[in-house]
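Asker: sequence first, then the predicted structure:
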Amino acid sequence: MPQSMAKIPVTIVTGFLGAGKTTLIRHILENAQGRRLALIVNEFGDLGVDGTILKSCGTANCPEENIVELANGCLCCTVADDFIPAIEALLARSPRPDHIIVETSGLALPKPLVKAFDWPDIRTRLTVDGVIAVIDGAAVADGRFADDPARLAAQRAADSAIDHDNPLEEVYEDQLLCADLIVLNKSDLLTATTAARVTAEIRAIVPEAVKIVPTREGRIDPTILLGLAASAEDDLAQRPSHHDGEDGHDHDDFESFVIDIQATADPAGLLARLAAVAGTFDVLRMKGFVEVSGKPMRLLVQGVGQRFRQQFDRPWAQGAERRGRLVVIGEKGIDRDAIAAALAG
């Protein structure tokens, strides 16, 4: 088949907040082995942190114009309005990309996005090469997304009027159930016993054929991730979801907002304060950039719950305002004013 007629493979990278999707994709971009890559990044919130991180790679395999950011709208809910126009723009580039990677929001359900590849306008030109679910091994080990099914069954039997829905767990399980490959990230933070337990918990959810690959910092040979040839759009029936039969799903379970952060001379102290605020107000995720006084480079800050990490990312753009900003993500009802006041002190 001529290259112009061949379907372009698309890899969907899903995973919960802070699991390491962006780190994994950056590793793919830096080790593309000659592939021309394109990337669609979907953010939940107004601050395009992940896209900015990936654009800073500076790799010829995926030039900046091949990176499309779709902020403030989950792809699984805005396929027609956002996803298809982004795909059309990438396919119009010359030369066309050899492979497209889609990084979903941490709150996204991957199955509705896979369904979009069955649309006639897309099906003839693209195929879902595979769905990769990136899992934060340390978070799962802490029981963040795992309910006790026996206890849940007992509660439901005792009182059918009680609402036992756990939206975070549903998102997590839907991502696992749609995956062709599961990346158990941050495995270096787990003991062998804990890693075995987490793997067993995941294995109890997903089919035996789905492989689970442990890693740290998303360091996996791209040849393992790309080229799965799963044709996931033809295999939807084998990818069950908590939301099958629904027209869509509602992200009102979560909300996000952006906070301006003043320059700091004490990054370690700032991270300690962020961790304390995250613990006090049950924040799911914080990420963004901070100015460190006297430093030419901006500080990238990322947190999952109370676990934070930092690194100097790249110099502030010449002539640009050195404005520190963090996006904060939590469940509905999170106290924005109190969080803003705590971080302003």
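Answerer: Cool, got the structure.

Asker: do you have the helices of the protein handy? List them.
Answerer: 21-30, 49-55, 84-91, 110-116, 120-123, 137-141, 149-158, 167-177, 192-203, 222-225, 267-281, 336-344 (DSSP state H).

Asker: can I get those helices in a markdown table with distance to residue 14?
Answerer: Backbone N, C-alpha and C define where each C-beta goes, glycine included. Supplementary listing: the helices of the chain in a markdown table, determined by distance: least, CB to CB, whole Å:
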| stretch | distance to residue 14 |
| --- | --- |
| helix 21-30 | 8 |
| helix 49-55 | 13 |
| helix 84-91 | 17 |
| helix 110-116 | 4 |
| helix 120-123 | 18 |
| helix 137-141 | 15 |
| helix 149-158 | 23 |
| helix 167-177 | 5 |
| helix 192-203 | 14 |
| helix 222-225 | 13 |
| helix 267-281 | 23 |
| helix 336-344 | 27 |
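
Asker: which of these sits closest to residue 325?
Answerer: Nearest to residue 325 among those is helix 49-55 (8.8 Å), distances taken as CB to CB.

Asker: quick one: mean pLDDT for the closest one?
Answerer: Across helix 49-55, the average pLDDT comes to 45.

Asker: kindly report the same for stretch 84-91.
Answerer: Mean predicted confidence for stretch 84-91 is 80.

Asker: enumerate the positions of it that are buried.
Answerer: Neighbour-count burial for stretch 84-91 flags 86-87, 90 (criterion: 16 or more other CB atoms under 10 Å).

Asker: quick check: residue 306 touching residue 278?
Answerer: Yes - the criterion here is CB atoms under 8 Å, and residue 306 meets it with residue 278 at 5.0 Å.

Asker: the more surrounded of the two?
Answerer: Set residue 306 next to residue 278 and count neighbours by other CB atoms under 10 Å: residue 278 wins out with 22 against 14.

Asker: mind pulling up the pLDDT for that one?
Answerer: In this model, residue 278 is scored at 87, pLDDT.

Asker: use 585 as the first number from now on
Answerer: Shifting the count to begin at 585 puts that one at residue 862.

Asker: contacting residues for it?
Answerer: 870, 887, 889-890, 892 (CB atoms under 8 Å, 6 or more residues apart in numbering).

Asker: which of these fall in strands?
Answerer: Per DSSP state E, strands hold the following members of the contacts of residue 862: 870, 887, 892.

Asker: which non-adjacent residue is nearest residue 848?
Answerer: Nearest non-adjacent residue to residue 848, counting by CB to CB, 6 or more residues apart in numbering: residue 854, 4.7 Å away.

Asker: now for that neighbour: which residues touch it?
Answerer: 845, 848, 874, 885.

Asker: and the residues you listed, which are buried?
Answerer: Buried among those (16+ other CB under 10 Å): 845, 848, 874, 885.

Asker: isn't the third one right up against residue 848?
Answerer: Put plainly, it is residue 874. Yes - between residue 874 and residue 848 there is a contact under CB under 8 Å: 6.2 Å.

Asker: shared neighbours of those two, anything?
Answerer: Shared contacts of residue 874 and residue 848 (CB under 8 Å, 6+ apart): 854, 908.

Asker: quick check: closest non-adjacent residue to residue 724.
Answerer: Using CB to CB, 6+ apart, the nearest residue to residue 724 is residue 782, at 5.1 Å.

Asker: just the pLDDT for the one you found.
Answerer: So residue 782 comes in at 93 (pLDDT).

Asker: please apply the same query to the one 3 residues further on.
Answerer: pLDDT recorded at residue 785 is 91.

Asker: next one: the one 5 residues further on
Answerer: At residue 790, the predicted lDDT confidence score is 91.

Asker: circling back: any chance of the contacts of residue 854 in CSV with pLDDT and distance to residue 607 as columns?
Answerer: What follows is the contacts of residue 854, written out as CSV (pLDDT from 0 to 100; distance: CB to CB, whole Å):
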residue, pLDDT, distance to residue 607
845, 88, 22
848, 90, 24
874, 88, 19
885, 84, 14
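
Asker: go through those and say which is closest to residue 792.
Answerer: Nearest to residue 792 among these is residue 885, at 39.3 Å by CB to CB.

Asker: tell me the domain boundaries of the chain?
Answerer: Per the record, the chain has its domains at 592-822, 836-928, by automatic domain parsing.

Asker: is it correct that residue 909 is in contact with residue 844?
Answerer: Yes - between residue 909 and residue 844 there is a contact at 5.8 Å, judged by CB under 8 Å.

Asker: residues near residue 791, how many?
Answerer: 11.

Asker: an error on my part: the question was meant for residue 714.
Answerer: 21.

Asker: was I right about residue 839 contacting residue 919?
Answerer: No - between residue 839 and residue 919 there is no contact under CB under 8 Å: 11.0 Å.

Asker: show me what counts as buried in stretch 793-810.
Answerer: Applying 16+ other CB under 10 Å to stretch 793-810 flags 794, 796, 798-800, 802, 804, 806, 809-810 as buried.

Asker: shaky segments in the stretch 785-929 of the chain?
Answerer: Screening the stretch 785-929 of the chain residue by residue with the criterion pLDDT under 70, one finds the ranges 829-838, 888, 929.

Asker: follow-up on the earlier one: which of the contacts of residue 862 count as buried?
Answerer: Neighbour-count burial (16+ other CB under 10 Å) applied to the contacts of residue 862 gives 870, 887, 889, 892.

Asker: thank you kindly, that will do.
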